[in-house]
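Participant: My questions are about this predicted structure, shown below with the sequence.
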Protein chains: 4
Amino acid sequence: MNNKLRVAIVGSTGYGGVELIRFLQHHPHVEITSVISSSSSGESIADGFPHLTGVINRPLDGVDPVEIAGRADLVFTATPSGVSAKLVPGLLEAGLKVIDLSGDFRIKDGAVYEEWYKHPAPSDELLQQAVYGMAELYGDTVKEKTLISNPGCYPTATLLGLVPAVQAGWIDPSSIIIDAKSGVSGAGRGTNLAYHYAEMNENFKAYKLNKHQHIPEIEQVLGHVAGSPVTVTFTTQLVPMTRGIMSTMYASLVGEHTDRELVDLYRQFYENRPFVRVREPGIWPSTKEVAGSNYCDIGFSVDPRTGRLTIVSVIDNLVKGASGQAIQNLNLMMGWEENLGLNMTPVYP
Amino acid sequence: MNNKLRVAIVGSTGYGGVELIRFLQHHPHVEITSVISSSSSGESIADGFPHLTGVINRPLDGVDPVEIAGRADLVFTATPSGVSAKLVPGLLEAGLKVIDLSGDFRIKDGAVYEEWYKHPAPSDELLQQAVYGMAELYGDTVKEKTLISNPGCYPTATLLGLVPAVQAGWIDPSSIIIDAKSGVSGAGRGTNLAYHYAEMNENFKAYKLNKHQHIPEIEQVLGHVAGSPVTVTFTTQLVPMTRGIMSTMYASLVGEHTDRELVDLYRQFYENRPFVRVREPGIWPSTKEVAGSNYCDIGFSVDPRTGRLTIVSVIDNLVKGASGQAIQNLNLMMGWEENLGLNMTPVYP
Amino acid sequence: MNNKLRVAIVGSTGYGGVELIRFLQHHPHVEITSVISSSSSGESIADGFPHLTGVINRPLDGVDPVEIAGRADLVFTATPSGVSAKLVPGLLEAGLKVIDLSGDFRIKDGAVYEEWYKHPAPSDELLQQAVYGMAELYGDTVKEKTLISNPGCYPTATLLGLVPAVQAGWIDPSSIIIDAKSGVSGAGRGTNLAYHYAEMNENFKAYKLNKHQHIPEIEQVLGHVAGSPVTVTFTTQLVPMTRGIMSTMYASLVGEHTDRELVDLYRQFYENRPFVRVREPGIWPSTKEVAGSNYCDIGFSVDPRTGRLTIVSVIDNLVKGASGQAIQNLNLMMGWEENLGLNMTPVYP
Amino acid sequence: MNNKLRVAIVGSTGYGGVELIRFLQHHPHVEITSVISSSSSGESIADGFPHLTGVINRPLDGVDPVEIAGRADLVFTATPSGVSAKLVPGLLEAGLKVIDLSGDFRIKDGAVYEEWYKHPAPSDELLQQAVYGMAELYGDTVKEKTLISNPGCYPTATLLGLVPAVQAGWIDPSSIIIDAKSGVSGAGRGTNLAYHYAEMNENFKAYKLNKHQHIPEIEQVLGHVAGSPVTVTFTTQLVPMTRGIMSTMYASLVGEHTDRELVDLYRQFYENRPFVRVREPGIWPSTKEVAGSNYCDIGFSVDPRTGRLTIVSVIDNLVKGASGQAIQNLNLMMGWEENLGLNMTPVYP
């Protein structure tokens, strides 16, 4: 009705899906016309998510590209990796614009995708067509495109923290080490002994050291910015909390730079970008300071004793690391203001 | 500027204050023109609350009624009990409307106030002038008043859960037992060994049994609804979580009633009220299902074996239990739609 | 070897099983000669529980009564309800003594068992043979028996809190209301969306109101103590923590009694019992104060305004509510000191 | 009485103090003859720590070296840094043996101490006399000494993880980067807004980057092992949990080494040491796997792509990182078995 953009969400019963609903409910130019789940089709979404009672009462639709195209202009695919690869071609053929949150269209080189993701890559044509939608770095390239690949949660926190320094040539890309920590919602809603409350509470766990599929995504962007291939050491760890990522990054400084200079460099880099906030020297952000919001907050520590720079970057993994950034991409695709529907203050405490 | 209502917040550096800011930032008819803290005057509010960086950059003002009246039309006093009693008379004299979150103006009988709160009551004139702003019960009386006393967090969850059944005569008021649980943010931001993370984590604590100052507030309303004095057994307990209250309530049924009848009774009672949601029979709400939102969700269990009714009622203590309800009162005072600025989906998970 | 009692544990890969191992490792008269799991037979127990690396390196055995009887004198069955009912007869026939943690042998009336547990009861002969092993109440009856039914977690906290007052006739049994809260480990180690960290963290949930299978167990004991049938209102709730139960109990006082008198009554009742600690008037225990230990701590609040008594009782659900109490029963069966192997200080903070 | 060692604990009302009590209660050769607190002298320790009710009922003594020497043979000083520096000389003069947990006697160079700790160093004579008691590295030097300086929590996890590889020459000491995370109990029991439950829950925080006073302690040992000065990059972070440290360490490999070789090297290095457990290749320990125990668990990830080694090391900060290690030092001083009183299985879950 009227002239709002009609939007469908595939994967509505995951955490990414419900966060899309939370934000899009308040988006002035969007109407959610279909919420889709292959597993729960026919049920009301509020049966599985009682917090949505009275917010959205729509029954869940099935996954049929033609039907979706009859109801919507654009679709968010908040599906597991591997599922999107199979689903998206049909959605595009049916004439839909697609913003994909799965990771399947992030890696330009299909062979690299298959090495890290362990299942077949989408067609090379689609991989080249997909635009990597990290707004603060590639926002200009998103406008009027039809297939946007939304960045991963760890890469978002990490790349927003590293790119300005790499681009300025202030750090040595070959020295980069990334120690990343995530809340448990990053693992999704699937049941697994590892995410059982009694196993995860009062527990800090390392997993997938040097094997995480976000490594090639980070290296692809850093290599692009640095102008030559970059390899990184990358550790992922689970924190006993629901939301939040902190990426703590280490690199050798090239030349001498102070915390003050870093702060100024980053503030200039992110000028006019509404969602990156750079802390004053000697202050580092904590994950709770961005919870529920689309912000990425960054702080620095130059250590003259070792000649190294430490960068701390935090996001809410479900917002800036997934659904919020996807809506930011929607806004840029459509030529709207970047922060429409996303202008939420962090929920503190 | 323009014709928005100019609003000031006293106690901006407490949790109630920052939640008022979070919601009022998005209120279409309101402009925050002063954030006030006696203890931190002159500093920026974002120094103490970095999550507000870029959201509100205003320096904190001091507490001077005349200055406040020069900047604002209405003031929220999110101050500790005892402080409001002294501050509010001056604010009213200076011509401000006041919505008080402290508890100082909730008890109509000054002697009862002093017995439970352990400090001197405000003048009887002000106690009688103050309107107890529980929208779903007394919403009609709030319009165009100048002093609103915002309900307590425990009484909000409890009374919304009990009043329809008491008013219908379906439960015996003399049998009411209330077992209430709160997240730790309810204790405020003051430092205290009891709220130290290492003491409170993995811990469930009972406190102030039968002594909590919210008891006379609950009894005052129940007595009013029942038509004669009511005394209740009331237990307060701290849950190792930040936000949320669950009030579990027990009473003897008068006559036979099913869960279905209870659900229907409550849905009818709260018809057209946007913030109360009643669960289907056999389903009870959990605190996370209302987190960050102004909802109060309610469920029932009739036990034919014992002839008793159990009622489960949940709110976010900082929203429906404090700041959200205060804004709901603002809307009703001003004759605006009840949910303006409050239309937020719960943040889940 | 030597003359230690040889003990086997069936269900070694559940939380009850690993807690048995933790305590029995330090028991002076016991040797664990077999750890048994139907699902993981052949693997090392430390594969699934790396915290046991170097503590116990034994491979998991299968469930064969004759083999077990060849290796052990006594077996703990820490199996799900329904499994023990089928397994225990064979273990007894093979000549083993059995301490069962499952619940299958707690209810004397098979029909009542089937109504609440929803599967077939064990034979009436075994139900009558089984001794309900709540040491502080029935410790004298345990000695030299062959089948002990270990009490449930909720009943343990609840009955230790209620029985002295009921027996003294100080409270009206028909008025008893029990509001119980448990940490998530009480749900066991099975995966289930409800226990996913992201769903349970920052969440307080009510479940199974008036339907929990521990209700007939509580009523059976209270009826026995009161001398006539008792029905109770019983609410179960999950707390976002791993360990701990608090049972908050309400009843109408018969006659006038002070907190001081209650404290004295209970201290006398539990004299010489090493694991019940009664707090001074006006002080209530919190769950963390017993974590990791076999204590049950109790406090009171008499409310002269309502004539009701509130009792607060806390235990560690996995210790006094399961494995610790099972070892206490072992000690009593064997005629050893009640606290052998159990003399652990709570782990605080 | 009898011939147990008489032990006093100064700082009994901190977390280090109560953990000493928990373990020493079960130590076969030790009797606690005095628990001492400057702030709470005269009160019962169970008033402030109700979990100790019935475990230790002793009233708290004041801090008087001569009185202490009358009651005890050896004293643990679990006092804040700066306090021990002033207190320990008097204790030694009074003829007591001292195991100091404060950090004041760890740094051999007083000027370095003052630079990092920001208050005056103890006398150089005492600094040289003090033996740094990291059992697995310097256990042989502890025997029969009178002043033991117990290592810091972060240095314990870090050095046990790094020293074997540094000593073997398998990693380049100049490349070491340490990303350390701690539970909140590491901050002690003092009240502070930063440790308020509502601020710390659902929050992951970086603090004191490159400024933490444990840096010179780590560098002193690594320099000693490497044979020349070492500087490290060191990040400290708070995890929303009570107990546990994970130290994640990065270094460039010298030569090629596999995870298998690392595991073998470390197992050989720690042979016969009861408290270090090395995980199989591809498996990393989590903090909960050592909770409540004196274990340090270690895992590895060699990354051939970058030529770097990642080492993961976990301890319970209050046990192996403080009180447990102090008792380990006691055992070595006295020539007893290293694990006396410490043979506790981790408390899981």
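Facilitator: Everything's here; your move.

Participant: First-to-last residue distance for stretch A:111-130?
Facilitator: End-to-end distance for stretch A:111-130: 16 Å, by CA to CA, to the nearest Å.

Participant: can you check stretch A:197-212 too?
Facilitator: 23 Å.

Participant: mind listing what's buried in the helix or strand where A:Q268 lies?
Facilitator: A:Q268 belongs to helix A:259-269 when assigned by DSSP states H and E. Neighbour-count burial for helix A:259-269, counted by 16 or more other CB atoms under 10 Å in any protein chain shown, picks out A:D259, A:E261, A:L262, A:V263, A:L265, A:Y266, A:F269. Bear in mind the C-beta positions are built from the backbone N, C-alpha and C, glycine included.

Participant: Count the neighbours of A:L24 for me.
Facilitator: Residues near A:L24, counting by other CB atoms under 10 Å in any protein chain shown, number 22.

Participant: quick one, what contacts A:M246?
Facilitator: A:A157, A:A180, A:K181, A:S286, A:T287, A:V312, A:S313, A:V314, D:F204, D:A206, D:Q237 (CB atoms under 8 Å, 6 or more residues apart in numbering or on different chains).

Participant: picking that back up, now, which of the buried residues of helix A:259-269 sits nearest chain D?
Facilitator: A:D259 (10.0 Å; CB to the nearest CB).

Participant: how far away is the closest one from A:L253?
Facilitator: As judged by CB to CB, to the nearest Å, A:D259 and A:L253 stand 11 Å apart.

Participant: what touches both of the two?
Facilitator: A:V302.

Participant: quick one: the helices in the stretch 101-250 of chain A?
Facilitator: Taking DSSP state H, counting those that start in this stretch as the test, the helices found in the stretch 101-250 of chain A are A:110-117, A:124-129, A:135-138, A:153-167, A:197-200, A:215-226.

Participant: Show me the least confident stretch of those helices, going by mean pLDDT.
Facilitator: Lowest mean pLDDT of the helices of the stretch 101-250 of chain A: helix A:135-138, a mean of 94.

Participant: what residue ranges in the stretch 151-300 of chain A score low on pLDDT?
Facilitator: In the predicted model, the stretch 151-300 of chain A carries no residue with pLDDT under 70.

Participant: And the residue of it that's closest to chain B?
Facilitator: For the stretch 151-300 of chain A, CB to the nearest CB, closest residue to chain B: A:E289, 4.2 Å.

Participant: tell me which parts of the stretch 1-150 of chain A are close to chain B?
Facilitator: Contacts of the stretch 1-150 of chain A with chain B, taken as CB under 8 Å from any CB of the partner chain, map to A:15, A:18, A:21-22, A:25-26, A:49-55.

Participant: Helices - which of those land there?
Facilitator: Applying DSSP state H to those, the entries found in helices are A:Y15, A:V18, A:I21, A:R22.

Participant: who's in contact with the nearest residue to the third one once chain neighbours are set aside?
Facilitator: Among residues not flanking A:I21 along the chain, A:I56 sits closest, at 5.9 Å (CB to CB, 6 or more residues apart in numbering or on different chains). Applying CB under 8 Å, 6+ apart, we find A:I56 in contact with A:I21, A:Q25, A:I32, A:V35, A:I45, A:A46.

Participant: Relative to A:G17, how far out is A:I56?
Facilitator: Distance from A:I56 to A:G17, by CB to CB: 11 Å.

Participant: Repeat that for A:A165.
Facilitator: 35 Å.

Participant: quick one on the thing from earlier: run the chain-centre distance for the helix holding A:Q268.
Facilitator: Averaging C-alpha positions (CA atoms, centre = their mean, to the nearest Å) puts helix A:259-269 24 Å from its chain's average.

Participant: hmm, who's touching it?
Facilitator: A:163-165, A:167-168, A:170, A:276, A:278-282, A:298, A:300-302, A:309.

Participant: filter those residues by proximity to chain D?
Facilitator: Within the contacts of helix A:259-269, those near chain D by CB under 8 Å from any CB are A:S301.

Participant: Which of the contacts of helix A:259-269 fall in strands?
Facilitator: A:V276, A:V278, A:I298, A:F300, A:S301, A:V302, A:L309 (DSSP state E).

Participant: Now do the contacts for A:A111.
Facilitator: The neighbours of A:A111, taking CB under 8 Å, 6+ apart as the test, are A:A121.

Participant: these two touch, right, A:R189 and C:T191?
Facilitator: No - applying CB atoms under 8 Å, one finds A:R189 not in contact with C:T191, separated by 12.0 Å.

Participant: do you know which of the helices of the stretch 101-250 of chain A lies nearest C:N331?
Facilitator: Across those, C:N331 has its closest neighbour in helix A:197-200 (27.5 Å, CB to CB).

Participant: how far out from the middle of the chain is the closest one?
Facilitator: Distance, centroid of helix A:197-200 to centroid of chain: 26 Å (CA atoms, centre = their mean).

Participant: overlap in contacts of A:I56 and A:G17?
Facilitator: With CB under 8 Å, 6+ apart, A:I56 and A:G17 have common neighbours A:V35.

Participant: domains of chain A?
Facilitator: Domain segmentation of chain A under automatic domain parsing yields A:5-129, A:154-317.

Participant: among these, which is the most enclosed?
Facilitator: domain A:154-317 (a mean of 22; mean count of other CB atoms under 10 Å in any protein chain shown).

Participant: Can you get me the start-to-end distance on it?
Facilitator: Span of domain A:154-317 from end to end, CA to CA: 8 Å.

Participant: how far out from the middle of the chain is that domain?
Facilitator: With CA atoms, centre = their mean as the basis, domain A:154-317 stands 13 Å off its chain's centre.

Participant: Find the centremost residue of chain A, please.
Facilitator: Centroid-nearest residue in chain A: A:G321, 3.0 Å away (criterion: CA atoms, centre = their mean).

Participant: check the ones in strands among the contacts of helix A:259-269 against chain C, which are close?
Facilitator: Restricting the ones in strands among the contacts of helix A:259-269 to those near chain C - CB under 8 Å from any CB - leaves none.

Participant: Determine which two of these are furthest apart.
Facilitator: Largest separation among those by CB to CB: A:V276 and A:V302, giving 19.6 Å.

Participant: which parts of the stretch 101-250 of chain A sit against chain C?
Facilitator: A:183-185, A:187, A:189, A:191-193, A:195-202, A:240-242.

Participant: Chain D next: which of these are close?
Facilitator: A:G183, A:A198, A:E199, A:N201, A:E202, A:P240, A:M241, A:T242.

Participant: So what does A:L101 look like in phi/psi?
Facilitator: Phi and psi for A:L101, reported as degrees, to the nearest 10, are phi -100, psi 0.

Participant: Can you give me every residue that contacts it?
Facilitator: By CB under 8 Å, 6+ apart, the neighbours of A:L101 are A:G11, A:G16, A:F76, A:T77, A:A78, A:T79, A:S84, A:N150, A:A322, A:S323, A:A326.

Participant: Looking at those residues, which is nearest chain C?
Facilitator: Using CB to the nearest CB, the contacts of A:L101 come closest to chain C at A:G16, 12.3 Å.

Participant: Which residues lie in contact with the closest one in this structure?
Facilitator: With CB under 8 Å, 6+ apart, A:G16 has these contacts: A:A78, A:L101, A:L318, A:A322, A:S323.

Participant: One more: A:A135?
Facilitator: A:V142, A:R273, A:F275, A:Q325, A:Q328, A:N329, A:L332, A:E338.
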